[in-house]
Structure formats: structure tokens, C-alpha cells
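Colleague: return atomic coordinates for the entry below.
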Amino acid sequence: MTVTVRLTYDMSKALGTKTLEIDQAATVRDAIEATRERFERSGDPDFEKLSRVAAVAVNGVLMRYRKGLRTPLSDGDTVAFVKASAGG
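Modeller: The predicted structure follows:
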């Protein structure tokens, strides 16, 4: 099972890619942990700082409207870190 993780602009600058393909992610928590591991392997310690300002969505729906970190994932799902924006 493979899911796609879409990163925020700042996260993608740190890792040099806009998306990650994650295998064996059964839940949102698994996908987030796998993303954290990619940051650690790259030597970039800023995952916590960069992810703190982002919400997480699964297939376009914020996870807080689902089952939070326990939200189950299926093959082909997209988990996106979404940075809040404001405007008027």
C-alpha cells in the first residue's frame, strides 16, 4: 500500500521534493512518522517547527473531521500538510 504525502512549501524546500511516497502507512500517524523519519535522515531537524504551523488533510478533508491521527489510509490516498492562510 502506498500513500502520497504532499508537503508545505517550507517543508519541500527542506527536503528538496514536493511529495513523498510512503509505503506501509495504515494510519495518518504512520504517514506523519514516516515523514518525520525522512527529515531525520536528511539531517534537517526542523520537522517539528515546520509541521507545527500546518494542518493535515486526507484526500482534501482535514483529519480533525475524521478520526484524527487514527484515520485509516487506503492505497492511493493523499495526506497533505496544509499551511493556514488568511486573507480579506
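Colleague: contacts and neighbour counts: CA atoms only from here.
Modeller: Fine.
Colleague: so which residues make contact with the helix-or-strand element of the chain with minimal mean pLDDT?
Modeller: When the helices and strands of the chain are scored by mean pLDDT, DSSP states H and E, helix 47-52 comes last with a mean of 84. Identification of contacts with helix 47-52 by Cα atoms under 8 Å, 6 or more residues apart in numbering yields 10-11, 36, 39, 81.
Colleague: may I see the ChimeraX selection of the buried members of these?
Modeller: The ChimeraX selection below is limited to those of these classed as buried (16 or more other Cα atoms under 10 Å):
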select :11,36,39,81
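Colleague: now, which of the contacts of helix 47-52 lie within helices?
Modeller: Per DSSP state H, helices hold the following members of those: 10-11, 36, 39.
Colleague: farthest-apart pair in those residues, please.
Modeller: D10 and R36 (14.2 Å; Cα to Cα).
Colleague: and the residue lying closest to D44 once chain neighbours are set aside, how far from V79?
Modeller: Residue nearest to D44 in three dimensions, not counting chain neighbours: A14, with 7.0 Å by Cα to Cα, 6 or more residues apart in numbering. With distances taken as Cα to Cα, to the nearest Å, A14 is found 18 Å from V79.
Colleague: do V53 as well
Modeller: 16 Å.
Colleague: between the two, which has more neighbouring residues?
Modeller: Comparing V53 with V79 by other Cα atoms under 10 Å, the one with more neighbours is V79, at 27 against 12.
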